[in-house]
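Participant: Need a 3D model of the following:
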Amino acid sequence: MSIVVTLTPELEAKLREKAAKQGQNIDFVVTELLNQILLWETHDTEEAIQGIQRGLEDFEQGRFRDFDQFAEAQRRKYNLSID
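Facilitator: Got it, this is the predicted structure:
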């Protein structure tokens, strides 16, 4: 399948340079980069959903703190002033 994408000259130059450094065809390099991005995006989304689910479960079980408790913990952790 062919997809036509218009790139800026700067981005095309970066891709060509990357392909040359790797000794690979530019089509292969672009395909691999896109595949890595799509895999990362899927993984990142799954991690976010799991984190939200854990947070909801914690809340339902009463494992949470109010904003003032959170803010105080952050002030201590990062040595921040109250003002």
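Participant: What is the subsequent helix or strand relative to the lengthiest helix in the chain?
Facilitator: Counting residues, the longest helix found in the chain (DSSP state H) is helix 26-60. The helix or strand immediately downstream of helix 26-60 is helix 67-78, counting by DSSP states H and E.
Participant: helices and strands around that next one, which ones?
Facilitator: With contacts defined as 3 or more Cβ pairs under 8 Å, 6 or more residues apart in numbering; DSSP states H and E, helix 67-78 has no helix or strand neighbours. Quick note: C-beta positions are derived from backbone N, CA and C, even for glycine.
Participant: Only alpha carbons, please: show that helix as CSV.
Facilitator: Extracted in CSV, the C-alpha atoms of helix 67-78 (Å, rounded to 0.1, in the frame of the first residue of the first chain):
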residue,chain,number,x,y,z
PHE,A,67,-5.8,18.3,48.3
ASP,A,68,-4.4,19.9,51.4
GLN,A,69,-2.6,16.7,52.4
PHE,A,70,-1.3,16.3,48.8
ALA,A,71,-0.1,19.9,48.7
GLU,A,72,1.7,19.6,52.0
ALA,A,73,3.4,16.4,50.9
GLN,A,74,4.6,18.2,47.7
ARG,A,75,5.8,21.2,49.7
ARG,A,76,7.9,18.9,51.9
LYS,A,77,9.1,16.7,49.0
TYR,A,78,10.3,19.7,47.0
